[in-house]
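[1] Using only what follows, build the 3D model:
(one chain, ligands or ions: 1)
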Amino acid sequence: MSLKKKITDIRHTLAFRLTLWYAGIFMLSACLAFFFFYLLITSVIRQQTDQALFSEVRAFSSILSAQGPEAVKRQALLESQAAGEKKIFFRLLYITGEVFSSSNMSYWRDIGVSRAAVNRLLDSREPVFDTISVADRKHNVRVLYAVIGPGMILQLGQSMENHTRIIEVFRGVFITTMVILFALAVVVGWFMARRALVGVETVTRTARRISAGSLEERVPVKKQADEIDQLALTFNQMLDRIEQLVTGIKEMSDNIAHDLKSPITRIRGIAEVSMTADASLKDYESMAAGTIEECDRLLDMINTMLVISRTEAGVNQLECRQLDIAHLVRDACDIFQSAAEDKGLTLVCSADRNIGLYGDLRLIQRMVANLLDNAIKYTPAPGSVDVSVSAGADQSVAITVSDTGPGISARDREHIFERFYRCDPSRSQPGTGLGLSFARAVARAHNGKITVASVPGGGSTFTVTLPKNPPEVDFG
Ligand code: ADP
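    Sure thing, here's the model as predicted:
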């Protein structure tokens with residue numbers, strides 16, 4: 001990978017963007033802190049300068065009142081020489097603004113007497129401060145005008161050299177600190193972002209391996225219960241579910257292939273015999289009947305699969321109306337009565353009281369028929385099948401079909417509602433393995449459920465619980 005491509009890739013990473021944000025916010029905060037610090041320092045220095053100028057004014061004022069203007073003049077000369085003539089200057093002014101006397105002004109000749117400042121002073125009688133910048137000079141000058149006695153104004157100026165120096169030092173410190181802080185912010189930001197995102201990368205790597213074909217892969221969970229762990233857990237749960245579904249689909253397609261194979265093989269066998277054997281018309285008729293029967297079985301299976309899929313698509317697929325479920329069950333028992341008797345079984349129906357239910361008549365009829373058919377099919381004679389309908393207190397209806405048949409093992413009970421699942425002992429009986437999955441799809445579409453209680457060797461009881469008025473929710 002070329003360097004340019006690598007840099008472009010890094011620029012698009014979340015870690016890069018997080019680092020930028022982190023460094024940006026960090027630098028902005030540092031700048032703000034420096035700015036306020038700068039304001040504070042400059043204001044403190046200016047206050048100190050003003051304070052110093054002000055105490056000079058007081059001193060000069062006392063000298064004037066005690067010793068007169070000549071003494072002030074002498075003191076001004078002495079003080080400017082002592083402090084340095086480039087640091088401080090004094091001008092004694094008449095109230096008119098004319099100069100009475102001054103310290104050596106050769107260095108300060110550019111600074112005159114501001115008429116505006118004198119007027120302001122005379123108006124307010126309060127000392128007037130002014131900051132003057134002189135062309136070609138590095139340092140500004142702080143100037144104070146104050147009345148120090150009757151008819152006498154003092155103009156006092158001080159170079160703000162200290163001020164400028166401190167600001168220069170401050171600027172140096174600021175730039176160095178900012179460079180160091182920026183480097184630090186980038187390194188720390190990058191490190192933190194990488195650390196935070198390492199979990200996301202693990203999830204991505206796992207997802208890549210999965211898309212390459214290994215559905216058993218899982219993201220390692222660090223058990224820190226942080227957001228990354230939550231993501232890993234959710235991702236793993238999703239994978240479990242996908243794996244489960246894929247396995248289910250695989251098993252189902254295996255089952256479909258297996259279950260479709262037998263009738264097709266039989267049809268093919270009949271066809272082969274019809275071509276080779278020297279058969280009579282009667283034999284051909286019986287072969288054609290056999291073919292029709294196998295085709296019907298196949299069609300029945302395919303239709304049932306379609307109905308299950310449609311029913312599982314949700315409550316919107318139902319054609320619901322108000323029906324009497326007890327009446328429906330009684331009718332079903334009447335239909336199966338002769339089959340039960342033929343097999344030597346007793347079929348007892350306890351559904352005397354009429355019970356209303358809002359549901360799809362055809363689907364519920366077929367569901368009840370499947371349960372009855374199973375009970376009669378799998379219960380050996382002599383035995384009995386009991387069917388009952390009862391209304392629960394919670395606006396639900398329970399349809400129960402119990403038999404004294406062979407029962408269903410715990411392992412089989414987990415699978416009997418899956419499509420095409422048939423328990424091993426039942427394989428000798430005719431069937432498609434779709435009856436119970438159809439019953440479950442119908443119960444769920446009505447927002448109800450189907451359960452089984454069974455003791456191997458002690459019979460089975462299937463219970464369908466349906467709400468009397470299914471709410472209009474989608475089947476999940
Ligand atoms: P099938 O067409 O095989 O009856 P079902 O989906 O209706 O398909 O039932 C699935 C399996 O559950 C059956 O093959 C059978 O092994 C078992 N089963 C269903 N009902 C009973 C029952 N009343 N007694 C014992 N086993 C049952």
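[2] What residues sit buried inside stretch 243-253?
    Residues of stretch 243-253 classed as buried under the neighbour-count rule (16 or more other CB atoms under 10 Å) are M252. C-betas here are computed from N, CA, C, even on glycine.
[3] check whether it contacts the ligand.
    No. Contact of stretch 243-253 with the ligand is not found when judged by CB under 6 Å from any ligand atom; the minimum separation is 13.1 Å.
[4] So what's the gap between that stretch and the chain middle?
    Relative to its chain's centre, stretch 243-253 lies at 29 Å (CA atoms, centre = their mean, to the nearest Å).
[5] check contacts around I228.
    Shown here is I228, whose contacts under the criterion CB atoms under 8 Å, 6 or more residues apart in numbering are 196, 198-200, 203, 222.
[6] Could you turn the buried ones of the residues you listed into a PyMOL selection?
    Buried subset of those, written as a PyMOL selection, criterion 16+ other CB under 10 Å:
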select buried, resi 199+203
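[7] Please name every helix or strand in contact with the longest helix seen in the chain.
    The helix of greatest length in the chain, counted in residues with DSSP state H as the criterion, is given as helix 14-67. With contacts defined as 3 or more CB pairs under 8 Å, 6 or more residues apart in numbering; DSSP states H and E, the secondary structure elements packing on helix 14-67 are helix 69-83, strand 141-149, strand 152-159, helix 161-211.
[8] Could you say which one of the ones you listed comes nearest to A52?
    Minimum separation from A52 across the helices and strands packed on helix 14-67 (CB to CB) falls at strand 152-159, 7.1 Å.
[9] and the nearest residue to S80 once chain neighbours are set aside, how many neighbours does it have?
    Distance criterion CB to CB, 6 or more residues apart in numbering; nearest residue to S80, sequence neighbours excluded, is S103 at 3.5 Å. The number of residues packed around S103, counting by other CB atoms under 10 Å, is 22.
[10] For S103, give its distance to S309.
    107 Å (CB to CB, to the nearest Å).
[11] about what we covered before: just give me how far the longest helix of the chain sits from the chain centre.
    Averaging C-alpha coordinates over helix 14-67 and over its chain gives two centres that are 46 Å apart (CA atoms, centre = their mean).
[12] by how many degrees do it and strand 141-149 diverge?
    The directions of helix 14-67 and strand 141-149 differ by 30 degrees, with axes from the mean of the first three to the mean of the last three CA atoms, to 10 degrees as the criterion.
[13] Report the angle between helix 14-67 and helix 69-83.
    Angle between the axes of helix 14-67 and helix 69-83 is 140 degrees (criterion: the same axes, to 10 degrees).
[14] angle of helix 14-67 against strand 152-159?
    150 degrees.
[15] so helix 14-67 versus helix 161-211, what angle?
    Counting by the same axes, to 10 degrees, helix 14-67 lies at 170 degrees to helix 161-211.
[16] just the CA coordinates of the lowest-mean-pLDDT helix or strand in the chain, formatted as PDB?
    With mean pLDDT, DSSP states H and E as the measure, the helix or strand of the chain carrying the lowest mean pLDDT is helix 3-11 (a mean of 73). Extracted in PDB, the C-alpha atoms of helix 3-11 (Å, rounded to 0.1, in the frame of the first residue of the first chain):
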ATOM      1  CA  LEU A   3       2.100   6.000   1.700                       C
ATOM      2  CA  LYS A   4      -0.400   8.400   0.200                       C
ATOM      3  CA  LYS A   5      -3.100   5.700   0.300                       C
ATOM      4  CA  LYS A   6      -2.100   4.900   3.900                       C
ATOM      5  CA  ILE A   7      -2.500   8.500   4.900                       C
ATOM      6  CA  THR A   8      -5.800   8.800   3.200                       C
ATOM      7  CA  ASP A   9      -7.000   5.600   5.000                       C
ATOM      8  CA  ILE A  10      -5.900   7.000   8.400                       C
ATOM      9  CA  ARG A  11      -7.700  10.300   7.600                       C
END
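[17] Quick one: closest of the helices and strands packed on helix 14-67 to I450.
    helix 161-211 (34.5 Å).
[18] Around the closest residue to G457 other than its chain neighbours, how many other residues sit close by?
    Closest residue to G457 in three dimensions, ignoring its sequence neighbours and counting by CB to CB, 6+ apart: G407, at 5.4 Å. Other residues within reach of G407, judged by other CB under 10 Å, total 20.
[19] Next one: G407 relative to V452, how far apart?
    Relative to V452, G407 is positioned 10 Å away (CB to CB).
[20] got any residues that touch both of those two?
    Residues touching both G407 and V452 comprise S460, with contact defined as CB under 8 Å, 6+ apart.
[21] rewinding a little: name the stretch among the helices and strands packed on helix 14-67 that sits most buried.
    strand 152-159 (a mean of 23; mean count of other CB atoms under 10 Å).
[22] so where is this protein shaky, pLDDT-wise?
    Applying pLDDT under 70 to the predicted model, the residue ranges of the chain that meet it are 1, 277, 313-316, 470-476.
[23] Please list the residues of it that sit near the ligand.
    For the chain, the residues in contact with the ligand under the definition CB under 6 Å from any ligand atom are 370, 374-375, 378, 403, 405-406, 408, 416, 421-423, 426, 431-437, 460.
[24] Return a ChimeraX selection command for the buried portion of the residues you listed.
    Typed into ChimeraX, the line below selects the buried ones among these, using 16+ other CB under 10 Å:
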select :370,374,375,378,403,405,406,408,416,421,422,423,426,432,433,434,435,436,437,460
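[25] That'll do, ta.
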